[in-house]
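Q: output the structure for:
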Amino acid sequence: MARVPAAVLNTFTRIRRTRRPRPHSGVELDPRPRPWARALGLTAVVLVGAWLGLLIVGNVRAPVGPMDTTMTLRPSLTGGTKINVSPLGALHLDSHIAPVRLDVNVDQLDPERSRALVDHPERLSGLQDEVARDVGHGTLDLAVRSGVAVVSGATALGLAVYRRPRRALAAGSLALALLAASGATAYVTWNPKSVLEPRFSGLLSSAPSLVGDARSIVTEFDVYQKELARLVTNVTKLYDATSTLPAYRPDPTTIRVLHVSDIHLNPASWKIIASLVEQYEVNVIVDSGDTMDHGTAAENGFLDPVEDLGAPYVWVRGNHDSLTTQRYLEDLKNVHVLDDGRARTIAGLRFAGIGDPQFTPDRSARTGAEASQELAGARLASALRDQRSAGTPVDVAVAHEPSAARQTDGEVPLVLAGHLHHQEMEVLRYGTRLRIEGSTGGSGLRAVEGRDPDPIEASILYFDRDTRRLQAWDSIRLGGLGLTTAEVSRHLVAENEPGATRSPTPSPTRPPATSPTASP
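A: I've put the predicted structure just below:
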């Protein structure tokens with residue numbers, strides 16, 4: 001056999017070593033990604049990195065008039081401006097069309113400056129220019145910080161993904177270009193009249209008149225800065241009123257009753273009650289007990305604000321209120337203590353109530369508690385029958401325990417109670433409506449016992465002055481300790497419901513209630 005020359009063998013070996021392997025299909029593989037895939041990946045890195053940068057460091061704390069605000073840019077498909085006024089709600093302005101939205105969170109007010117503005121309206125003239133300057137400085141700072149945020153976020157993510165400085169810098173540059181383009185689009189589409197037609201959400205949706213009538217504002221101001229100043233001023237008034245609830249303006253003759261219960265030594269309750277009294281023009285306050293926690297004489301000073309709440313205070317003793325508590329309240333002006341079924345006419349309504357027969361500040365179980373509640377309720381029912389027989393029927397009965405209140409069924413149109421720390425409304429078998437109030441003190445210190453704090457609850461009851469019957473009620477629910485939520489729901493009493501137009505009468509098949517033979 002002929003031997004192959006060494007030179008030929010060496011040449012073949014070099015070709016075999018350098019030739020790329022081919023797949024069985026005969027198509028050569030290209031390890032490099034296609035251009036569109038690279039562009040798509042870079043775009044994703046830019047968008048995600050820019051969004052993360054804005055989320056982490058893209059906000060600015062800026063004073064605007066008497067308010068401290070936080071300004072932030074957020075990605076958005078529709079653009080616009082959102083002004084969050086927690087816990088009142090939010091205002092949405094169609095200020096611009098761009099892929100970014102301006103969020104302005106009202107954090108808090110300077111109490112001294114806001115009170116000065118409300119008390120001295122003449123100072124508002126300089127507020128317009130001040131707000132305009134503050135907004136200008138805030139947006140300039142926000143633009144700079146947002147630029148740094150998007151460049152840093154996109155560059156950092158690009159470096160983490162590609163591990164190449166040039167690619168990372170390209171991502172940062174594209175993010176800055178994207179932000180600049182969004183800013184230019186917002187500038188071109190900027191609508192200064194958007195503040196004249198805000199959309200309200202949350203509680204503000206029920207109180208647009210407090211923020212200002214857009215059409216009347218147009219006749220007074222013609223530039224964006226002045227409109228914004230007007231908005232800031234009205235938001236200041238809302239905060240200064242220390243109220244998070246929408247006002248209700250019923251017929252001037254309507255009797256408004258504020259029902260509270262189970263305050264349990266929460267001092268914040270007095271401010272909430274005073275605010276509700278002022279805003280709803282309350283005629284009388286009814287407290288269905290457990291105002292205290294242990295009923296000791298040392299707690300009595302907590303009750304002093306009752307005299308200055310702005311409306312008569314009707315009170316019955318709860319199982320956490322002692323006779324010492326009751327005697328202290330009896331000596332306070334503007335307070336009407338109900339006990340033993342005795343009736344009193346206050347603010348056009350006739351009230352009667354009975355104190356809780358139990359005193360359990362240590363929250364221990366007492367034998368015979370249910371029986372004693374029923375005896376107390378029977379005693380109250382007997383007093384109500386006597387009042388009706390005398391031609392002076394009672395309009396509203398009050399007891400602390402719902403079990404005692406149920407004994408008045410058929411003897412009174414409406415009975416109020418508490419104790420359960422949540423709201424209920426029920427029409428009993430013989431026509432009496434039972435309203436159980438939640439804890440207006442958020443259960444006091446018990447609010448921190450569970451996983452979630454208990455809400456602060458109260459109700460506004462609306463009575464017709466002529467018939468003295470319940471027409472409607474508002475259930476008010478505020479977020480508990482550390483929360484800033486609020487809910488207000490309106491309920492109307494149908495004309496054909498029991499107790500809506502006349503006092504219910506006991507059914508002839510109902511066995512008559514008997515008075516207890518001994519005091520509980």
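
Q: please, which helix or strand holds the residue lying closest to residue 85 once chain neighbours are set aside?
A: The spatial neighbour of residue 85 that comes closest, neighbours along the chain excluded (C-beta to C-beta, 6 or more residues apart in numbering), is residue 106 at 4.9 Å. For every residue, glycine as well, the C-beta is placed using N, CA and C. Residue 106 is part of strand 100-109 when elements are defined by DSSP states H and E.

Q: list the buried residues of that strand.
A: Using 16 or more other C-beta atoms under 10 Å as the test for burial, strand 100-109 gives 100-106, 109.

Q: residues in contact with stretch 71-81?
A: Stretch 71-81 is contacted from outside by 51, 54, 58-60, 62, 92-105, 138-139, 142, 146, 186, 189, 194, using C-beta atoms under 8 Å, 6 or more residues apart in numbering.

Q: apply 7 Å and report the result again.
A: Applying C-beta atoms under 7 Å, 6 or more residues apart in numbering, the external contacts of stretch 71-81 come out as 51, 54, 58-60, 62, 92-104, 138, 142, 146, 186.

Q: check stretch 351-365 too.
A: 289, 293-295, 314, 316-320, 322, 326, 338-344, 366, 369, 372-373, 376, 379-380, 383-384, 387, 394, 396-401, 404, 520.

Q: in strands only, show me the residues you listed.
A: Secondary structure defined by DSSP state E assigns 314, 343-344, 396-398 of the contacts of stretch 351-365 to strands.

Q: neighbours of residue 147, just the number please.
A: Counted with other C-beta atoms under 10 Å, the neighbours of residue 147 add up to 17.

Q: following element in sequence after the helix or strand encompassing it, please.
A: Element membership for residue 147, per DSSP H and E: helix 124-162. Downstream of helix 124-162, the first helix or strand assigned by DSSP H and E is helix 165-188.

Q: only the buried residues of that next one, if you could.
A: Buried positions in helix 165-188, judged by neighbour count with 16+ other C-beta under 10 Å: 167-168, 170-172, 174-176, 178-179, 182-183, 185-186.

Q: which helices and strands does that helix pack with?
A: Using 3 or more C-beta pairs under 7 Å, 6 or more residues apart in numbering; DSSP states H and E, the elements in contact with helix 165-188 are helix 35-57, helix 124-162.

Q: just say which of those helices is most tucked in.
A: Each of these was scored by mean neighbour count; the highest is helix 124-162, a mean of 18, by mean count of other C-beta atoms under 10 Å.

Q: hang on, the earlier thing: roughly how far apart are the residue nearest to residue 85 and residue 95?
A: Relative to residue 95, residue 106 is positioned 17 Å away (C-beta to C-beta, to the nearest Å).

Q: now do residue 462
A: Taken as C-beta to C-beta, the span from residue 462 to residue 95 is 40 Å.

Q: what do you get for residue 337?
A: For residue 337 relative to residue 95 (C-beta to C-beta), the value is 56 Å.

Q: now do residue 305
A: Taking C-beta to C-beta, one finds residue 305 at 44 Å from residue 95.

Q: swap in residue 174?
A: Where residue 95 is concerned, residue 174 sits at a distance of 26 Å (C-beta to C-beta).

Q: ok, back up a step: which other residues reach the strand holding residue 106?
A: Applying C-beta under 7 Å, 6+ apart, the set of residues contacting strand 100-109 is 66-76, 79-85, 182, 186, 235-236, 239.

Q: okay, the closest residue to residue 161 other than its chain neighbours: pLDDT?
A: In space, and not counting its chain neighbours, residue 161 is closest to residue 45: 5.5 Å by C-beta to C-beta, 6+ apart. Residue 45 carries a pLDDT value of 82.

Q: then residue 66?
A: 69.

Q: now swap in residue 430 and tell me
A: pLDDT recorded at residue 430 is 94.

Q: and it, which of the three is it?
A: The three-state assignment at residue 430 reads coil, by DSSP: H, G, I helix; E, B strand; the rest coil.

Q: what about the closest residue to it other than its chain neighbours, neighbour count?
A: Computed as C-beta to C-beta, 6+ apart, the closest residue to residue 430 that is not its neighbour in sequence is residue 410, at 3.3 Å. Applying other C-beta under 10 Å, we find 22 residues neighbouring residue 410.

Q: is it true that residue 410 touches residue 432?
A: Yes - taking C-beta atoms under 7 Å as the definition, residue 410 is a contact partner of residue 432 at 6.0 Å.

Q: picking up where we left off before, residue 263: which of the helices and strands packed on helix 165-188 is closest?
A: Closest to residue 263 of the helices and strands packed on helix 165-188 is helix 124-162 (C-beta to C-beta; 37.6 Å).

Q: show me what that closest one is packed against.
A: With 3+ C-beta pairs under 7 Å, 6+ apart as the test, helix 124-162 has helix 35-57, strand 59-64, strand 67-75, helix 165-188, helix 224-240 packed against it.

Q: tell me the buried residues in the second one?
A: This points to strand 59-64. Buried residues in strand 59-64 (16+ other C-beta under 10 Å): 59-60, 62-64.

Q: other SSEs contacting it?
A: Strand 59-64 is packed against strand 67-75, helix 124-162, with contacts defined by 3+ C-beta pairs under 7 Å, 6+ apart.

Q: contacts for that strand next, please.
A: With contact meaning C-beta under 7 Å, 6+ apart, strand 59-64 is reached by 68-72, 131, 134-135, 137-138, 141-142, 145, 232.
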